[in-house]
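Asker: Would you be able to build a 3D model of this:
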Amino acid sequence: MVDVFKVVDMGFFAGQTQRVMDARITRTAFATAAGEVRINGTAVDASGAPLALGLMEQRSINPDLNNTRIGRRDIRADTTGGRVENIPGATGRLLRTGDAITSNEWRAVYTGLNATEQQLALAGESRAMAWLSTNGNGDRFGMTIFEAGAVGGPGMSGCPAAGNASIAILP
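Answerer: Okay, the predicted model is just below:
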């Protein structure tokens, strides 16, 4: 759990709590002999049970992918085949590994990438995203993002450096 505070006139006041999803990357991008790019991770819900993969997405992010036929900075894996833009037949599949009921391990598998696109995916940031719920429009609520290999982050390069100031929390 993370405590959420509201800042009023530079003072903190206790607010609500927000559950943080335990979704993480356990092995960043690697290539297989079959020409796939894979990323492994784990995810559990608040009770410690495997998180439903429908509440997750994995992204491989590298701004240099913009200069390939993908034309975007990322490729995405989910349970419906993901998003690998502008490459007919390419997929980003999010799969459960191990026992379908008890395993908390998952794998993102990208297919259809050429050698350059594979190398860019391997060099990029691996990101696992999980959320608590969605509404009828598909908006995600309670989002947690796990970043592995972030360059200049969090996020990607260009994010501001972490601050070094502190503010006392009042009782």
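Asker: Closest to the centroid, which residue in this structure?
Answerer: Geometric centre of the chain, nearest residue: Ala128, 2.2 Å, by CA atoms, centre = their mean.
Asker: Hmm, that one is touching Arg24, no?
Answerer: Yes - Ala128 is in contact with Arg24 according to CB atoms under 8 Å; the separation is 6.0 Å. From N, CA and C alone the C-beta is placed, and that goes for glycine too.
Asker: who touches both of these two?
Answerer: Overlap of the contact sets of Ala128 and Arg24 (by CB atoms under 8 Å, 6 or more residues apart in numbering) consists of 41, 43, 146, 148.
Asker: Can you show me the helices along this structure?
Answerer: Listed in chain order, the helices of the chain (DSSP state H) span 115-123.
Asker: Run a quick neighbour tally on Leu94.
Answerer: 23 (other CB atoms under 10 Å).
Asker: Test my guess that it contacts Ala128.
Answerer: No - counting by CB under 8 Å, Leu94 stays clear of Ala128, with 9.8 Å between them.
Asker: what residues are shared contacts of the two?
Answerer: Common contacts of Leu94 and Ala128 (CB under 8 Å, 6+ apart): 56-58.
Asker: are any of these buried, and which?
Answerer: Buried residues within these, counting neighbours by 16 or more other CB atoms under 10 Å: 56-58.
Asker: could you redo those residues as TSV and give each row pLDDT and distance to Asp78?
Answerer: Putting these into TSV (pLDDT from 0 to 100; distance: CB to CB, whole Å) gives the following:
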residue	pLDDT	distance to Asp78
Met56	96	7
Glu57	97	5
Gln58	97	8
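Asker: of these, closest to Thr80?
Answerer: Closest approach to Thr80 among those (CB to CB): Glu57, at 10.1 Å.
Asker: I'd say the closest one and Met143 touch.
Answerer: No - look at Glu57 against Met143 with CB under 8 Å: they stay out of range, at 10.0 Å.
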